[in-house]
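Enquirer: Sequence and predicted model, in that order:
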2 protein chains.
Amino acid sequence: MTFRLSTTDSDFAAAFTALVDARREADEDVSRDVAAILKRVRAEGDAALADYTSRFDRHDLNVSGWAVEPAECRKALESISTELRDALELAAARIAAYHEKQKPQDSDSVDAAGARLGARWSAVDAAGLYVPGGRAAYPSSLLMNVIPAKVAGVRRIAMVTPTPNGEINPLVLAAASIAGIEEIWRVGGAQAVAALAYGTDRIRPVDVITGPGNAWVAEAKRQLYGVVGIDMVAGPSEIVVVADAKNDPDWIAADLLSQSEHDPTSQSILFTDDAAFADAVAAAVDNRLPLLSTQAVATTSWNANGAIIVVRDLEEAMPLVNRLAAEHLELAVDDPDALFAQVRHAGSVFLGRMTPEAVGDYVAGPNHVLPTGRRARFSSGLSVLDFMKRTSFLSLDRRAIDAIGPAAVALAEAEGLPAHAASVALRLK
Amino acid sequence: MTFRLSTTDSDFAAAFTALVDARREADEDVSRDVAAILKRVRAEGDAALADYTSRFDRHDLNVSGWAVEPAECRKALESISTELRDALELAAARIAAYHEKQKPQDSDSVDAAGARLGARWSAVDAAGLYVPGGRAAYPSSLLMNVIPAKVAGVRRIAMVTPTPNGEINPLVLAAASIAGIEEIWRVGGAQAVAALAYGTDRIRPVDVITGPGNAWVAEAKRQLYGVVGIDMVAGPSEIVVVADAKNDPDWIAADLLSQSEHDPTSQSILFTDDAAFADAVAAAVDNRLPLLSTQAVATTSWNANGAIIVVRDLEEAMPLVNRLAAEHLELAVDDPDALFAQVRHAGSVFLGRMTPEAVGDYVAGPNHVLPTGRRARFSSGLSVLDFMKRTSFLSLDRRAIDAIGPAAVALAEAEGLPAHAASVALRLK
């Protein structure tokens, strides 16, 4: 049985605040371990990588090989079913098409004072992509991380992935082949992130590191933020569904469980304006759970972090939805745009009854790497912009510097910076 | 005397690599102190703020007052000279005009499969701005941080600034008045950053924190990254000037010194294709240094971190310039666009002989908060985007889900996520 609230409960405000503030992120104290790993990889390079891989992943890189060759990826692609190959290719094409539209425009213009002003975007030289091994090795995540980098125009993409006991998921290799990745290193954990940031004899350093990972990987990225660019620190997945009674309860139950099955810390929350529909969804969840191969995880997650909240009307739900600032938001109503207009904070929104969130995890096109843990208040999903940077530029002629230079001189002098003032004043007529 | 190199030196490659890799950033071990301050402010709120302010800034907030009122800022604005007021207003108007062009476009379109796809940008609800006190209290920095937030549409902007011994720079208050800041707290250091991130009884929490600060402030922002959004970790300022012999050596000397005077750790580097011009600039720097009220800082910085590099021709300089990925880059030549086309990494570029970098610090329009320490390889200057976030959205109808849904089902099953598969499959015809 999951958490059940109604906005008419006398203690609703406090109970909802507790739900918003609940921390589901692990507080594992890994920062000291990670700092030691980063330091050692920086000092010892490949030798440290080989040692950590032998200890944590239980294989010898010098025997199993350091890299996965493109030919191995092509072989994996040929080995999977036509259905899966077509599905990966459809996903790749749609993700590329969506991200193409994110490419930013340069600007270059001359203003009334005669100053030429603009900005030019360019791709980073090299991006590193972390792909988890084992159970959470998802080909869809690989596509979602690599394709924005490719669309941005990144010249070199280096992938790292742990291969526990030397094993690697053929679907991940197939996706790597479709995405055109040519550099794959069989290393994982904080040590792989360190190698990408600092470089080793074998692995040249990169400029940006993205991709999901466990607590050690996340902490390594956090500690290396500034040495390289990183994507947002990610936490457990979450979905908020706003649904009226006209939905099929079983569809909505499946949508809620599609988050619950990710991880015991995932969160699924339903807002509805109909108490009977709430009961029907709760019953549908209970009926569906035993059918899932992911039942254990989904049950733990739903019982611990799930919630059903009954509101007087769906308008009343929207300020609450904004406080949750969820990674995923489904608006399963006849006129989703009316509710969407009231959404201020959400990672990605799924409009209408025929748009289950899971379609966005795979083939819709928008990125599935999204802000979690209320971070949609200030951050965005992974995009082409994460692999680009902007250089502003300025050009003045005699007329322009005579027009705006004196103000710069006055401000520089007031700030006590005489060389600043002189560098402008010397050029004035 | 500063560092002098020529690309014809036999040891040039190693010497230049040493210059690129030289760390000028303080390695002060402040992280434990900062962690303790953050923890205490989170637990004790305003009481902790008052105690830290009494210890570090030597005044009692409950006596001197917690906030600076808008009326006090208006009074400061009235007290400054017309020349300075006009200069601040020109700067504010030009910064606003430049940043207006950064506002991103929303997208909303239907593709061939019938899927409606798009992205909607929105401002964060609240931004916190850190303004240093004391010597480095620059009204220009205040404008450069606040105006992008205003242009983005941020509803609430909360400024924090330490007021050592209760004193506050009237120019900063005047700039705050021009920028329309209505919430100013007289707190600084890591404790102020903690208050903005976690909130206290007096200070409501914000979503994004920007603005320069000392090592404690920078470390507090780094530790709170993820709780709030932050601007890039900033290091010492730097300039690279590429100049031919047709420049006035004294102009170029002033440009180099305009960075050297910022801080002992600042860096100024000249590339030129003419050894006699290099000598003339070095002599002009020596002549100009004693004229500066900032002589002590500028001399230390120039001697320790300055460099003059003679190249065979200016084309040869460009790959070296890209390796430095400098915050500021001046191209003081007749055809700066030809060289600019070869620039891959730089924070902001100043084109031609009449465009000293310092004009960009104040009134040109582009932001002067720029990536330092080679971070222009992967990051950009402060912009409207730092105060906004993007929500992607998707809407499918019967035809669209029937077209792309089966591929999602296949991939979900292959990834072992049956509830994902069911949420799509249930909706297929």
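Expert: In hand now; what should we look at? Numbering: from 1, shown residues only, chains lettered A, B, ... in the order given.

Enquirer: Now the longest helix that chain A contains - C-alpha only, CSV.
Expert: In chain A, ranked by residue count with DSSP state H as the criterion, the top helix is helix A:82-100. Only the C-alpha atoms of helix A:82-100 are listed here, as CSV (Å, rounded to 0.1, in the frame of the first residue of the first chain):
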residue,chain,number,x,y,z
THR,A,82,16.1,-7.2,-37.1
GLU,A,83,13.3,-5.9,-34.8
LEU,A,84,15.8,-4.6,-32.2
ARG,A,85,18.1,-3.2,-34.9
ASP,A,86,15.3,-1.4,-36.5
ALA,A,87,14.1,-0.1,-33.1
LEU,A,88,17.6,1.2,-32.3
GLU,A,89,17.9,2.8,-35.7
LEU,A,90,14.5,4.5,-35.4
ALA,A,91,15.4,5.8,-32.0
ALA,A,92,18.8,7.1,-33.2
ALA,A,93,17.2,8.9,-36.2
ARG,A,94,14.4,10.5,-34.1
ILE,A,95,16.8,11.6,-31.3
ALA,A,96,19.1,13.1,-33.9
ALA,A,97,16.2,15.0,-35.6
TYR,A,98,15.0,16.4,-32.3
HIS,A,99,18.5,17.5,-31.2
GLU,A,100,19.3,19.1,-34.6
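
Enquirer: Now it: buried residues?
Expert: A:84, A:85, A:87, A:88, A:90, A:91, A:92, A:94, A:95, A:96, A:98, A:99 (16 or more other Cβ atoms under 10 Å in any protein chain shown). All C-beta atoms are positioned from the backbone trio N, CA, C, and that covers glycine.

Enquirer: same thing with stretch A:72-83?
Expert: Buried residues in stretch A:72-83 (16+ other Cβ under 10 Å): A:72, A:73, A:76, A:77, A:80.

Enquirer: re earlier: give the other helices and strands that the longest helix of chain A contacts.
Expert: Applying 3 or more Cβ pairs under 8 Å, 6 or more residues apart in numbering or on different chains; DSSP states H and E, one finds that helix A:82-100 contacts helix A:139-152, helix A:170-179, helix B:398-414.

Enquirer: looking at those helices, which is closest to residue B:378?
Expert: Residue B:378 lies closest to helix A:139-152 among the helices and strands packed on helix A:82-100, at 11.4 Å (Cβ to Cβ).

Enquirer: Are the closest one and chain B in contact anywhere?
Expert: Yes: applying Cβ under 8 Å from any Cβ of the partner chain, one finds that helix A:139-152 is in contact with chain B at A:139, A:140.

Enquirer: Could you tell me the angle between the helix or strand following that helix and helix A:170-179?
Expert: Under the assignment DSSP states H and E, the closest C-terminal helix or strand after helix A:139-152 is strand A:156-160. Strand A:156-160 runs at 180 degrees relative to helix A:170-179, counting by axes from the mean of the first three to the mean of the last three Cα atoms, to 10 degrees.

Enquirer: what lines up beside strand A:156-160 in the sheet?
Expert: Strand A:156-160 has the following strand partners under DSSP bridges: strand A:126-130 (parallel), strand A:183-185 (parallel).

Enquirer: Could you pull out the buried residues of the first one?
Expert: Looking back up the chat, that one is strand A:126-130. Here strand A:126-130 shows A:126, A:127, A:128, A:129, A:130 as buried, counting by 16+ other Cβ under 10 Å.

Enquirer: The first one and residue A:176: what is the separation?
Expert: Translated: residue A:126. Distance of residue A:126 to residue A:176, given as Cβ to Cβ, to the nearest Å: 17 Å.

Enquirer: Could you look up the SS state of whichever residue of the stretch 101-250 of chain A sits closest to chain B?
Expert: Of all residues in the stretch 101-250 of chain A, residue A:229 sits closest to chain B, at 3.7 Å by Cβ to the nearest Cβ. Assigned with DSSP: H, G, I helix; E, B strand; the rest coil, residue A:229 falls in the strand class.

Enquirer: tally of neighbours for it?
Expert: Residue A:229: 25 surrounding residues under other Cβ atoms under 10 Å in any protein chain shown.
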